[in-house]
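S.K.: A structural model of the following input is requested.
(one chain, ligands or ions: 1)
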Amino acid sequence: MSAQRPKILIIGGGFGGLFCARRLAKADVDVTLLDRSAGHLFQPLLYQCATGKLAIGQISRPLREEFAPYPNVKTLLGEAIVLDPDAHTVTVRRPDETEFVIDYDVLVLAAGMRQSYLGHEAFARWAPGMKTLDDALEIRQRIFTAFEIAETLPPGPERASWLTLAVAGGGPTGVELAGQIREVATKTLANEFHSIQPEEARVLLFDGGDRVLKSFAPDLTSRATQALTELGVEMHLGVHVTDVRRDGITVTPKQGGPDQQFAARTVLWTAGVEAVPFARHVAEVLGAPTDRSGRIQVEPDLTVAGHPEIFVIGDLAGREGLPGVAENAMQGGLHAATCIRRDLEGRPRRPYRYRDLGSAAYISHGHALLQLGRVRVSGYLGWLAWGLIHIAFLTGVSNRVSTVATWLASIARPGRFHRAFMLGAADRPEQRYTYSTSDLPAEGHAPGS
Ligand SMILES: Cc1cc2nc3c(=O)[nH]c(=O)nc-3n(C[C@H](O)[C@H](O)[C@H](O)COP(=O)(O)OP(=O)(O)OC[C@H]3O[C@@H](n4cnc5c(N)ncnc54)[C@H](O)[C@@H]3O)c2cc1C
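M.R.: Next up is the predicted model:
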């Protein structure tokens, strides 16, 4: 380390980066927290934003605001693109495509994962994933636009396909999204249309396994399945989504048998994750082994072998038994910061031990699952516990207060107060007034026609 105060560069202001920077906020170090979106995003509530229950400002917080009280923590907007491990520098791209360089003594990589289409990148054109605020806003636009378009069509197959929404992936995100879309259809929009009956909208949930929510105990899963069925979510298990098109999807049974076609004009993808491009680059330049999804193999203290100055934390840390959940990222962030502080004090680092503090999943209004060791709760009690946990971890007091207020208001009235979505204009080629630019026929379509 240099003679000045050690320079700590944290890449990623998600759960891992945020908790690491917080723990270092009063230490004798200079921290730079770099994020390509300049804000901390509370991903576990993204689906509520996508379905109009919460606003984007309620589930995100500017990192600059979060760390304003701490003079030793500098937050920067930019995307890390090149690591030079010999020079101890990272090259960063600004949104205007110019670049700058940051040097470090210790690097903490907390850049997370992105949506993976499991080798079918072409699906992304028709089926947005859900990892970022942009994704949530795009999904919101697609869901509410689908009902609007259906309203203008005569009864028939075209209208039915707009009223069929498909979700790929039966993990917590897929389940939460599917349940919320049915609630939008049956509660929020129920009395607002003249031509269509929104409650007749079909929500199809596809998963390759034999049950949804595989990370939960089977008894909790069956209760969730029952609640989803009562809500009207149609579950298709043991199938792989093998094609996604403009007007529908194809699924193939895992055990063999004929393909099935579903006419669905809204397809949402939650089926897989992979390391962000910068993490793949870091693994390559360090010669660090990765797993299939690009998680970087780490030593017991969460550093890369041969590089005690480079930590990898959160979703990107590849070690047996570390789950891709917020709790692991938060604990990893605290652990890396503690190692840095111990280095300063000349004390040895300790290995990282993940403590499982349980998991929760929202099914529908008044129903959630909570699993903590042998404690398993579902239904109303699970829902209350789920709400308390999420409020406790939401970043920023004002976000907590306004989220509680919004939830209480939506208990009193089944409305969604953040349904606004944006459509472009005919004269804006980058965002034109069509359902989406990718929805246009490939050729011969004049803008605005
Ligand atoms: C929809 C959804 C629902 C979820 N629900 C739950 C849940 O209920 N419970 C739970 O425990 N977990 C849940 N998770 C998982 C949880 O959110 C993740 O495990 C957690 O966010 C991982 O934290 P992280 O710090 O590793 O990465 P992230 O939180 O993903 O943060 C990574 C950050 O790095 C930034 N970044 C990426 N690349 C670069 C770059 N090149 N340069 C600069 N910055 C970069 C990103 O902008 C981002 O801010 C959910 C995830 C999603 C997507």
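
S.K.: give me the number of residues near residue 150?
M.R.: Neighbourhood size, residue 150 [other C-beta atoms under 10 Å]: 24. In short, each C-beta sits where N, CA and C put it, glycine included.

S.K.: can you check residue 208 too?
M.R.: 19.

S.K.: use 16 as the first number from now on
M.R.: In the new numbering, first residue 16, that becomes residue 223.

S.K.: just the pLDDT at it, thanks.
M.R.: Looking at residue 223, its pLDDT is 96.

S.K.: report the contact partners of it.
M.R.: Residue 223 sits next to 252, 253, 254, 255, 269 when contact means C-beta atoms under 8 Å, 6 or more residues apart in numbering.

S.K.: how about the residues of the stretch 166-315 of the chain that lie near the ligand?
M.R.: 187, 188, 291, 293 (C-beta under 6 Å from any ligand atom).

S.K.: the same query, at a cut-off of 5 Å, please.
M.R.: The interface of the stretch 166-315 of the chain toward the ligand, taken as C-beta under 5 Å from any ligand atom, is made up of 188, 291, 293.

S.K.: can the helix or strand hosting residue 35 be found next to the ligand?
M.R.: Taking DSSP states H and E as the definition, one finds residue 35 inside helix 30-39. Yes: counting by C-beta under 5 Å from any ligand atom, the ligand is contacted by helix 30-39 at 30, 31.

S.K.: residues in contact with that helix?
M.R.: Outside helix 30-39, the residues that reach it (C-beta under 8 Å, 6+ apart) are 23, 25-26, 28, 46, 48, 50, 55, 78, 81-82, 87-88, 123, 125, 127, 328-330, 341, 344-349, 351-353, 355-356, 410.

S.K.: dump it to CSV, keeping only the CA atoms.
M.R.: What follows is helix 30-39, C-alpha atoms only, in CSV (Å, rounded to 0.1, in the frame of the first residue of the first chain):
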residue,chain,number,x,y,z
PHE,A,30,-26.0,-4.5,-1.6
GLY,A,31,-22.4,-5.6,-1.4
GLY,A,32,-20.8,-2.3,-2.3
LEU,A,33,-23.1,-0.3,-0.2
PHE,A,34,-22.5,-2.3,3.0
CYS,A,35,-18.7,-2.3,2.3
ALA,A,36,-18.6,1.5,1.9
ARG,A,37,-20.7,2.0,5.0
ARG,A,38,-18.4,0.0,7.1
LEU,A,39,-15.4,1.9,5.8
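
S.K.: quick one: average pLDDT of that helix?
M.R.: Helix 30-39 comes out at a mean pLDDT of 98.

S.K.: thinking again about what came up before, neighbour count, pLDDT and distance to residue 370 added to the contacts of residue 223, as TSV?
M.R.: Converted to TSV, the contacts of residue 223 look like this (neighbours: other C-beta atoms under 10 Å; pLDDT from 0 to 100; distance: C-beta to C-beta, whole Å):
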residue	neighbour count	pLDDT	distance to residue 370
252	16	97	32
253	15	97	34
254	20	97	36
255	16	95	35
269	13	94	35
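
S.K.: sketch out the helices for this protein, chain order is fine.
M.R.: Along the chain, counting by DSSP state H, helices occupy 30-39, 61-65, 78-81, 148-166, 172-177, 187-198, 233-246, 292-301, 341-359, 394-408, 412-427.

S.K.: let me know which of those helices is the nearest to residue 19.
M.R.: Proximity to residue 19 (C-beta to C-beta) singles out helix 341-359 among these, at 12.9 Å.

S.K.: what's across from residue 91 in the sheet?
M.R.: residue 49 (DSSP bridges).

S.K.: show me what contacts the residue nearest the centre of the chain?
M.R.: In the chain, the residue lying closest to the centroid (C-alpha atoms, centre = their mean) is residue 146, at 3.0 Å. Taking C-beta under 8 Å, 6+ apart, we find residue 146 in contact with 58, 61, 128, 129, 130, 288.

S.K.: from the ligand, how far off is residue 362?
M.R.: According to C-beta to the nearest ligand atom, to the nearest Å, residue 362 and the ligand sit 26 Å apart.

S.K.: same question, residue 20
M.R.: The gap separating residue 20 from the ligand is 23 Å, by C-beta to the nearest ligand atom.

S.K.: run a quick neighbour tally on that residue.
M.R.: The burial count for residue 20: 15, using other C-beta under 10 Å.
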